[in-house]
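[1] build the 3D model from these lines:
(4 chains)
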Number of protein chains: 2
Amino acid sequence: MARTIQSLERAAAVLRLLAGGDRRLGLSDIASSIGLAKATTHGLLRTLQQEGFVEQDPRSGKYQLGAELLRLGNSYLDVHELRARALVWTDDLARSSGESAYLGVLHQQGVLIVHHVFRPDDSRQVLEVGAMQPLHSTALGKVLAAFDPVARNAVDDGELTAITGRTLTSREDFEREMVRVRALGWAADLEETWEGVASVAAPVLDRRRMPVGSVAITGAVERVVDDGAVRPHLVAAVRECARAVSRDLGAGRF
Amino acid sequence: MARTIQSLERAAAVLRLLAGGDRRLGLSDIASSIGLAKATTHGLLRTLQQEGFVEQDPRSGKYQLGAELLRLGNSYLDVHELRARALVWTDDLARSSGESAYLGVLHQQGVLIVHHVFRPDDSRQVLEVGAMQPLHSTALGKVLAAFDPVARNAVDDGELTAITGRTLTSREDFEREMVRVRALGWAADLEETWEGVASVAAPVLDRRRMPVGSVAITGAVERVVDDGAVRPHLVAAVRECARAVSRDLGAGRF
DNA sequence: TCCCTCGTTCGGCAATATCGAACAGAGGTA
DNA sequence: TACCTCTGTTCGATATTGCCGAACGAGGGA
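    Next up is the predicted model:
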């Protein structure tokens, strides 16, 4: 992994900057943020615009992400093998549990949601595919951190930021939780990421029994938790779904 | 729009190639498809991989799109002003019409779906956000082609490929349809894209009354069409939704 | 086993991206 | 209105940078 193409790295930095700042950015802001000359940044933006990766508001001249990224992101989902295998199983999981189901994979320092099945009722829900969630506070993330050394390293290198009052923030508590997750084979998030929301997750393993993602259900804490503990039938449903997907991927029987 | 950065254009071509071919591609295939030396292509792929835009299967060495694209595509949706304004209105549209609702924008030679509300029942549905649909056969596309000169040019430059037996394939028929859509202010797709499926769409206009997208509902032809014509209350619902979104964008009253 | 093809690395050439400075135009201020 | 200060954009010279041909090692198929 030696020589990389400078202009591509810089273009990627521009895209990531535009993805971070939640509204349009001006050329000068972008140039100074990345630390490049205005003319250089303009060249990058001009090309990215021609390719559809960024768009420019003709009125203000400011730049934002382009539609081509949405199209390519969708193509990524089409190719995603894990997601394809998990489609039917997560659908069943949402149906049988009555809660919304998620499929996540490790990406950079977080969990990337690659599939999301709405809770089977008429409530208004937003799709979270493509969104990132923290590793240390969510059930999806804990499972990955417990079984995937790469994910664990990402947690160790980062901060255990407190998102709610219940988020585990000390390294000792988190390590204890990791031991527990490994022993049980599943993880829970009891209002550690969102107030009033709990979730349960289990790992998906490939043919070499390495974790490639995790499956979870998420719902109001009153429905998911009973008397301080996650309802056993929900745990069983999540674990069975994860096992089914793993089996589809070629993992041996358990 | 003069000088563009060569390596960026080539990297974009690689990504587009990977998005087109629906499975993993080898380095040699990619290099010969784009018409570059293997070493050059490898440099592009190496950088794209480091940035997360492509991933390499360690077993076969083949390349596919990367997760970062999904994340960036999701960020694009977050910034999308039209989509943000349309969220509540399309939700109401799906609810009142009982069919699934779509919001599309012109992108390259097609319609890019930027929002999709499921039909309010328990049926299994796949989310189509990020997918592309043809301009000349869908209601979403016809509306754009009728009111947006850029979209019309895209249709004129392309082929009127027959997707079903009912797709309009002659330039004369299509021009007549355009006149009709402009006169009515809405468009229909009666099994011209999918067998057994019909849809109705109306344009969303910005403050300068230029079309920036279109809103549609789609459903089984038996439910949408009655005696050869689209049910009037569905047309009214779609047009009202489009007007509401347009008003939110600052378009004057009608 | 051989052999072909794969992905990868290396090094020299020159095409290419970079940068500073100057340009035009919009927005705001006095 | 006139000024001024930002904006995004273009231009041209420099040498840095990415490009390509060829060679390498490994894997799979016959």
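[2] show me the shaky parts of the stretch 1-150 of chain A.
    A:1-2, A:22, A:122 (pLDDT under 70).
[3] how near is the most centrally placed residue in chain A to A:Pro134?
    In chain A, the centroid-proximal residue (Cα atoms, centre = their mean) is A:Leu112; its distance is 1.9 Å. Between A:Leu112 and A:Pro134 the computed distance is 12 Å (Cβ to Cβ, to the nearest Å). Placement of C-beta: from N, CA and C, glycine included.
[4] residues in chain A within reach of DNA strand D, list them.
    A:3, A:5-8, A:26-29, A:38-39, A:42, A:45-46, A:56, A:61-62 (Cβ under 7 Å from any atom of the strand).
[5] go through those residues and flag which are in helices.
    A:6-8, A:27-29, A:38-39, A:42, A:45-46 (DSSP state H).
[6] from those, which would you call buried?
    Neighbour counting by 16 or more other Cβ atoms under 10 Å in any protein chain shown classes A:7-8, A:27, A:45-46 among these as buried.
[7] from the residues you listed, pick the one nearest DNA strand D.
    Using Cβ to the nearest atom of the strand, A:Leu27 is the member of those that lies nearest DNA strand D, at 3.4 Å.
[8] against chain B, how distant is that closest one?
    15 Å (Cβ to the nearest Cβ, to the nearest Å).
[9] what do you get for A:Leu135?
    15 Å.
[10] residue contacts, that residue?
    A:106, A:109-111, A:141-142, A:144-145, A:151, A:154-155, A:158 (Cβ atoms under 8 Å, 6 or more residues apart in numbering or on different chains).
[11] so which of the residues you listed are in strands?
    A:106, A:110-111 (DSSP state E).
[12] want to throw those residues into JSON lines with neighbour count and distance to A:Pro120?
    As requested, the ones in strands among the contacts of A:Leu135 are exported to JSON lines (neighbours: other Cβ atoms under 10 Å in any protein chain shown; distance: Cβ to Cβ, whole Å):
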{"residue": "A:Leu106", "neighbour count": "22", "distance to A:Pro120": "28"}
{"residue": "A:Gly110", "neighbour count": "22", "distance to A:Pro120": "27"}
{"residue": "A:Val111", "neighbour count": "30", "distance to A:Pro120": "23"}
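[13] from the ones in helices among the residues of chain A next to DNA strand D, which is closest to B:Pro232?
    Within these, distances to B:Pro232 taken as Cβ to Cβ reach their minimum at A:Leu45, with 47.2 Å.
[14] close to DNA strand C: what parts of chain A are there?
    A:1-2, A:6-7, A:10, A:36-40, A:43-44, A:59.
[15] re earlier: just flag the most distant two among the buried ones among the ones in helices among the residues of chain A next to DNA strand D.
    The widest separation within these (Cβ to Cβ) is 19.4 Å, between A:Leu8 and A:Leu27.
[16] now do the same contact list for the residue of the stretch 51-200 of chain A found nearest DNA strand D.
    Here the residue of the stretch 51-200 of chain A nearest DNA strand D is A:Gly61; by Cβ to the nearest atom of the strand that distance is 3.2 Å. The contact partners of A:Gly61, taken as Cβ under 8 Å, 6+ apart, are A:26-27.
[17] for A:Arg16, see how far away it is.
    Distance from A:Gly61 to A:Arg16, by Cβ to Cβ: 21 Å.
[18] and the residue of the stretch 101-250 of chain A found nearest DNA strand C, what does it touch?
    Residue nearest to DNA strand C within the stretch 101-250 of chain A (Cβ to the nearest atom of the strand): A:Val150, separated by 18.5 Å. When contacts are counted by Cβ under 8 Å, 6+ apart, A:Val150 touches A:Leu106.
[19] ok, now with 10 Å
    Contact partners of A:Val150, counting by Cβ atoms under 10 Å, 6 or more residues apart in numbering or on different chains, are A:106, A:144, A:210-211.
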